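[1] my questions concern the predicted model and sequence given below.
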Amino acid sequence: MGTGSQDATNRFKALMDQVEEPLKTTYQNVHQGYHAETLARFLKAREWNVIKAHKMLVDCLHWRVQNEIDNILTKPIIPTDLYRAVRNSQLIGMSGYSREGLPVFAHGVGLSTFDKASVHYYVQSHIQINEYRDRIVLPTASRKYGRPITTCVKVLDMTGLKLSALNQIKLMTIISTIDDMNYPEKTNTYYIVNAPYIFSACWKVVKPLLQERTRKKVQVLSGNGRDELLKVW
């Protein structure tokens, strides 16, 4: 971290040290003991502007308090059968670690349906997955490798993708906004594999919904991407 970056981090930390309850407690669930890495994420999201990064993080903390995010892992979707249907229609799983120790998540985007419940339930499920990653998976990886690991890698499998996936554009927009504003810089790289010819049409619609910093992390690999993935996995 350069001198300028370190100075920005120090000034940001001084501002966050002034945060009072209930924001202070929810901030602990955000940083998980890794203050510098958390501050750096929000600084990157706001091009190292301390004032803008501070506002972004404080707004995030207010969102967490207002929506009881700290308790979301202990509040399953009710009724239970709906909860299971929601999860079964999202093909998501952890597939080990990259060579850098980053958790690798595989998403069967093309075969996920997102049609078993309303947008609200899928958004709730997405936030639960984010919180499980941040409070369970990443801290476990940090202990495993003996250093702070605060980001992950995602492999997005487009097998079975159809144009009808664009019917979920409202859900994609909401989730993208939540991630950009409250979970910035959590994914190191997005690898897209098994992209059918229809993918280019879908990408033209989805791409404008993403922040520029997110778009730069997307890599579309040829076929199943095996050779490229073996270089990082």
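    Thanks, I have the structure now. Everything numeric here is computed off the predicted structure, so don't read it as measured data.
[2] quick check: longest helix of the chain.
    In the chain, with assignment by DSSP state H, the single longest helix is helix 50-66.
[3] and the closest residue to Lys144 other than its chain neighbours, helix, strand or coil?
    Sequence neighbours aside, Gly101 is the residue nearest to Lys144 in space, at 7.2 Å (criterion: CB to CB, 6 or more residues apart in numbering). Just so you know, the C-beta spots here come from the backbone N, C-alpha and C atoms, and that holds for glycine as well. What DSSP: H, G, I helix; E, B strand; the rest coil gives for Gly101 is coil.
[4] Val218 bridge partners, please.
    Val218 forms beta bridges with Tyr190, as assigned by DSSP bridges.
[5] what is the neighbour count of it?
    Using other CB atoms under 10 Å, Val218 has 17 neighbouring residues.
[6] for the chain, what spans make up the helices?
    Under DSSP H, the chain gives helices at 3-16, 23-31, 35-45, 50-66, 80-88, 119-132, 138-145, 169-182, 199-206, 212-215, 226-232.
[7] got the contact list for the residue nearest to Lys144?
    The contact partners of Gly101, by CB atoms under 8 Å, 6 or more residues apart in numbering, come to 141, 144-145, 147, 149.
[8] phi, psi of it?
    As for Gly101, its main-chain torsions (degrees, to the nearest 10) stand at phi 90, psi 10.
[9] and it, how far from Lys13?
    Applying CB to CB, to the nearest Å, the value for Gly101 to Lys13 is 25 Å.
[10] does Tyr25 touch Asp70 like I think?
    Not quite, residue 25 is Thr, not Tyr. Yes: using CB atoms under 8 Å, Thr25 is in contact with Asp70, at 7.2 Å.
[11] neighbour count: these two, which is higher?
    Neighbour count, other CB under 10 Å: between Thr25 and Asp70, Asp70 has more, with 17 against 14.
[12] what about the protein, any weak spots by pLDDT?
    Within the chain, the stretches with pLDDT under 70 are 1-4, 77.
[13] I'd assumed Lys217 was in contact with Val153.
    No: if you go by CB under 8 Å, Val153 and Lys217 don't touch, sitting 9.8 Å apart.
[14] looking at the two, which one has more neighbours?
    Neighbour totals were compared for Val153 and Lys217, and Val153 leads with 23 against 16 (other CB under 10 Å).
[15] for Thr189, give me its contacts.
    Neighbouring residues of Thr189 by CB under 8 Å, 6+ apart: 153-154, 217, 219, 232.
[16] er, Ala85 I mean
    By CB under 8 Å, 6+ apart, the contact list for Ala85 reads 116-117.
[17] if we use 10 Å, what do you get?
    With contact set as CB atoms under 10 Å, 6 or more residues apart in numbering, Ala85 has these partners: 77, 79, 113, 115-117, 121.
[18] all good on my end, thank you.
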